[in-house]
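sequence and predicted model, in that order:
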Amino acid sequence: MRKFGLIGYPLSHSFSKKYFTEKFLREKISDCSYENYPMENLTRLKEFISANPELCGLNITIPFKKEILNYIDVTEQQVREIGAVNVLKIKRTGGKIQICGYNSDVTGIRDSIKPFFPDKGRNALIFGTGGSSGAVCYALKKLGFKVSLVSRIKKPGVLTYQEINSKIMDNTDLIVNTTPLGMFPDITSKPEIDYNLLKEKHILFDLVYNPEITSFLMMGKQRGCKIVTGLKMLYSQAERSWEIWNDVNL
């Protein structure tokens with residue numbers, strides 16, 4: 001039995017186990033299973049992998065997408081540019097274990113956004129500076145966007161939520177929430193911006209997918225904005241994870 005799973009904390013919000021379990025049933029894949037492995041820290045990760053010889057791959061979610069880089073033996077160039085990993089491929093040869101890191105979030109982000117900007121990217125605000133934010137920046141820049149980061153804490157080259165004014169919003173086309181704000185069970189929380197500044201021209205994309213329509217997206221929808229839920233990204237990045245785990249050349 002080939003085993004796969006998800007590492008992060010907490011995992012009550014995640015649909016990954018459901019997605020892959022249904023995929024295995026639908027596609028009649030009988031030799032694979034997918035489980036949630038909640039971990040409050042990564043200190044025993046290598047011990048965990050060593051103790052589970054059937055484990056072939058893992059997805060990584062909050063809050064470990066950056067920290068996981070300290071436990072990886074091999075990464076691709078894309079990962080080094082992004083600074084975050086959400087897919088581990090575990091190779092076992094002659095008793096030795098090699099942990100390889102990849103980022104499938106980029107695929108999910110590109111597939112979610114590209115239909116709305118078929119010609120070229122424009123200007124985007126990205127809420128959050130964590131691991132998912134790095135993948136969003138990378139993907140959007142590849143699509144031709146000029147990106148600006150927003151954080152609660154003032155950092156060099158990063159806006160705070162309080163600094164977002166009408167001038168900035170008028171010059172923005174896409175707004176992406178990469179923070180966990182609004183994620184189950186805290187479904188009423190949302191980024192602290194002036195939502196009255198939103199206009200019909202804005203497209204709002206939330207990486208949170210549980211609930212599908214977050215408070216952030218609902219505020220945009222009420223003001224006539226187009227919204228993009230995190231489910232498209234979830235499905236796309238999950239399928240890319242599956243490709244990585246089964247590609248003998250990776």
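Okay, I see it.

okay, CA-based contacts and neighbour counts for the rest of this
Noted.

any idea how this protein splits into domains?
2-103, 106-232 (automatic domain parsing).

in what helix or strand does residue 175 lie?
Per DSSP states H and E: residue 175 is located in strand 174-177.

what pairs with that strand, parallel or antiparallel?
Note on strand 174-177: by DSSP bridges, its sheet partners are strand 123-127 (parallel), strand 203-206 (parallel).

which outside residues touch the top helix by length along the chain?
If you go by DSSP state H, the chain has its longest helix at helix 231-246. By Cα atoms under 8 Å, 6 or more residues apart in numbering, the list of residues contacting helix 231-246 from outside reads 16, 19, 56-57, 59, 87, 89, 104-109, 111-112, 207, 209, 212, 250.

can you check stretch 212-220 too?
Residues from elsewhere that reach stretch 212-220 (Cα under 8 Å, 6+ apart): 182-183, 187-191, 195, 198, 204-206, 208, 226-231.

related to what we said a few turns ago, which of the contacts of helix 231-246 are buried?
Using 16 or more other Cα atoms under 10 Å as the burial test, the contacts of helix 231-246 include 16, 56-57, 59, 87, 89, 104-109, 111-112, 207, 209, 212 as buried.

returning to what we had before: avg pLDDT for the longest helix of the chain?
For helix 231-246, mean pLDDT is 96.

only C-alpha atoms, please: export that helix in PDB.
The C-alpha coordinates for helix 231-246 follow below in PDB (Å, rounded to 0.1, in the frame of the first residue of the first chain):
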ATOM      1  CA  LEU A 231     -11.600  25.300  -4.400                       C
ATOM      2  CA  LYS A 232     -10.200  25.700  -7.900                       C
ATOM      3  CA  MET A 233      -6.700  26.100  -6.500                       C
ATOM      4  CA  LEU A 234      -7.200  23.200  -4.100                       C
ATOM      5  CA  TYR A 235      -8.200  20.800  -7.000                       C
ATOM      6  CA  SER A 236      -5.400  22.000  -9.300                       C
ATOM      7  CA  GLN A 237      -2.600  21.900  -6.800                       C
ATOM      8  CA  ALA A 238      -3.800  18.400  -5.500                       C
ATOM      9  CA  GLU A 239      -3.700  17.000  -9.100                       C
ATOM     10  CA  ARG A 240      -0.200  18.500  -9.500                       C
ATOM     11  CA  SER A 241       0.900  16.800  -6.300                       C
ATOM     12  CA  TRP A 242      -0.300  13.500  -7.600                       C
ATOM     13  CA  GLU A 243       1.700  14.100 -10.800                       C
ATOM     14  CA  ILE A 244       4.800  14.800  -8.800                       C
ATOM     15  CA  TRP A 245       4.400  11.700  -6.700                       C
ATOM     16  CA  ASN A 246       4.000   9.500  -9.700                       C
END
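
right, I'll call it a day here.
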